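1. Got a predicted model here, sequence first, then my questions.
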2 protein chains.
Amino acid sequence: MRYPPSIEQLMTQFRQFPGVGPKTAERFVFHLLRLGAPGMDALCDAIRRLRDAVDRCGVCGTFAEATPCATCADPRRDHTSICVVAEPGDLLAMERTNEYRGVYHVLGGLLAPIEGIGPEQLRIPALVARVSEQSTINDRQSAIREVIFAFDPTIEGETTINYLVPLLAPTGVVLSRLARGLPVGGDLEYADPVTLSDALTGRRKLRLAQSPAQQRAHAPQQHESIF
Amino acid sequence: MRYPPSIEQLMTQFRQFPGVGPKTAERFVFHLLRLGAPGMDALCDAIRRLRDAVDRCGVCGTFAEATPCATCADPRRDHTSICVVAEPGDLLAMERTNEYRGVYHVLGGLLAPIEGIGPEQLRIPALVARVSEQSTINDRQSAIREVIFAFDPTIEGETTINYLVPLLAPTGVVLSRLARGLPVGGDLEYADPVTLSDALTGRRKLRLAQSPAQQRAHAPQQHESIF
């Protein structure tokens, strides 16, 4: 016995969602059937609103309802620092740290030549143009001074950094990457050798504890490395 | 920093899906945004098709595109046996065994008085009416002779069985329930005492292996118990 075609078709749609298998797709369809017509209409309306309202920000490339997006248009953000991320979700993860006050550039993915994802499939030309143009501006308030690569610590992330560094180095801006090391709550005994080696290489000098007032004075440099 | 309203609204919708938390809802929305307008339209079309095409079968109560559904209308099924299940998904699970050839009755849930789910919220009156009417028909081919309760082995399942037995007993049909015992691939050492006690109480007599011809002769009774 099989499902009626309309159920099968929606299950096929849900199975393309990330992390959704046949059983979960089935549960999703039954959930909608239990909700009935009003629930299904509400979901369709929300999807249509998303389709009509959201587009990529013309500056940073994240999903937003306006161009430039709220972050790019915010005069209180530090427009001299660009954090380059793969996906809008990574941008949100950076925002949740409440540490970074600069702006962003979303590539839309990472280089993966084997899967056919080259520089032209990503927003790499736009990044190079943006950094080249804005690093030569005379206005100290808006000239880009640092580009931070915040990618997954994977082969694709490394490949993308290795590709971008020679392209951006001629602009003279500081290029940096997120530190690698032990994650909070991790277990040193079970850390893989590469992570532990990174943690050793990137070890931080310890100083006597500062007073809260001194810490506040240093706050703007919090995301700068010591090297 | 928060998401734009249209993203937030769709995330709220997805968070009502079974087993979907904030992170998964976020991934679903980004998945749709990556698909773009054609993908979102295709999903909406599938949801609207589901809304328009699927309704509950007037006989058994499962989700179907026609009433009576394919199972209820199938003359090759054994209409003298009704398997009562809580949800359409349970009906499909029974079908996957390829053992049961009778018809079904979907209650739409199980009795849960604390959550306010009483007999009137379920298709219990319809079941009682169906069994009462069809157990007194003179035609041996269509008179109901057995009602099998196939519910989750939970308190709600037990409650529902305990409620239904006195209602259906006066009709004189055989009432039965799925066997409880050790699941295939389970570990006797870690079985809970109730399950093990059920497995002991419901132990099956062993006989000398039958020839395939004898087994085939017994096949129609495969879902009958030995008691």
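-> Sure, I can see it.
2. shaky segments in chain A?
-> Scanning chain A with the threshold set as pLDDT under 70 gives A:1, A:210-227.
3. Which residue would you name as the spatial centre of it?
-> residue A:90 (2.5 Å; C-alpha atoms, centre = their mean).
4. which residues does that residue contact?
-> Counting by C-beta atoms under 8 Å, 6 or more residues apart in numbering or on different chains, residue A:90 touches A:106, A:150-152. C-betas here are computed from N, CA, C, even on glycine.
5. roughly how far apart are the closest residue in space to residue A:64 that isn't next to it in sequence and residue A:6?
-> What sits nearest to residue A:64 in space, not counting adjacent residues and going by C-beta to C-beta, 6 or more residues apart in numbering or on different chains, is residue A:57, at 4.5 Å. According to C-beta to C-beta, to the nearest Å, residue A:57 stands 37 Å off from residue A:6.
6. before we move on, the earlier item: distance-wise, check the residue nearest to residue A:64 relative to residue A:106.
-> Distance, residue A:57 to residue A:106, by C-beta to C-beta: 8 Å.
7. Okay, buried residues for the longest helix seen in chain A please.
-> Counting residues, the longest helix found in chain A (DSSP state H) is helix A:22-53. In terms of neighbour count (16 or more other C-beta atoms under 10 Å in any protein chain shown), helix A:22-53 has its buried residues at A:24-30, A:32-33, A:35, A:39-40, A:43-44, A:46-51, A:53.
8. Contacting chain B as well, which ones from these?
-> A:24, A:26-30, A:32-33, A:40, A:43-44, A:46-51, A:53 (C-beta under 8 Å from any C-beta of the partner chain).
9. Shouldn't residue A:175 be within a helix?
-> No: under DSSP: H, G, I helix; E, B strand; the rest coil, residue A:175 sits outside any helix and is assigned strand.
10. Do I have it right that it meets residue A:168?
-> Yes: at 5.9 Å, residue A:175 and residue A:168 qualify as touching, with contact defined as C-beta atoms under 8 Å.
11. any shared contact partners between the two?
-> In contact with both residue A:175 and residue A:168: residue A:147, using C-beta under 8 Å, 6+ apart.
12. So if I had to pick from those two, which one is more boxed in?
-> Set residue A:175 next to residue A:168 and count neighbours by other C-beta atoms under 10 Å in any protein chain shown: residue A:168 wins out with 20 against 17.
13. hang on, the more buried one in a helix?
-> Yes: counting by three-state DSSP, residue A:168 falls inside a helix.
14. what's the span of stretch A:102-117 from first residue to last?
-> Using C-alpha to C-alpha, to the nearest Å, the end-to-end distance of stretch A:102-117 comes to 28 Å.
15. so who does the residue nearest to residue A:18 when sequence neighbours are not counted touch?
-> In space, and not counting its chain neighbours, residue A:18 is closest to residue B:27: 5.0 Å by C-beta to C-beta, 6+ apart. Counting by C-beta under 8 Å, 6+ apart, residue B:27 touches A:17-19, A:89.
16. how much space between residue B:27 and residue B:192?
-> 36 Å.
17. Same question for residue A:44.
-> 44 Å.
18. so who does residue A:25 touch?
-> A:11-12, A:14-15, A:17.
19. Those residues in helices, which ones?
-> Per DSSP H, those map to helices at A:11-12, A:14-15.
20. For these, name the two members farthest from one another.
-> Spanning the widest gap among these are A:12 and A:14, at 7.5 Å by C-beta to C-beta.
21. quick one, which of those two is more surrounded?
-> Set residue A:12 next to residue A:14 and count neighbours by other C-beta under 10 Å: residue A:14 wins out with 21 against 13.
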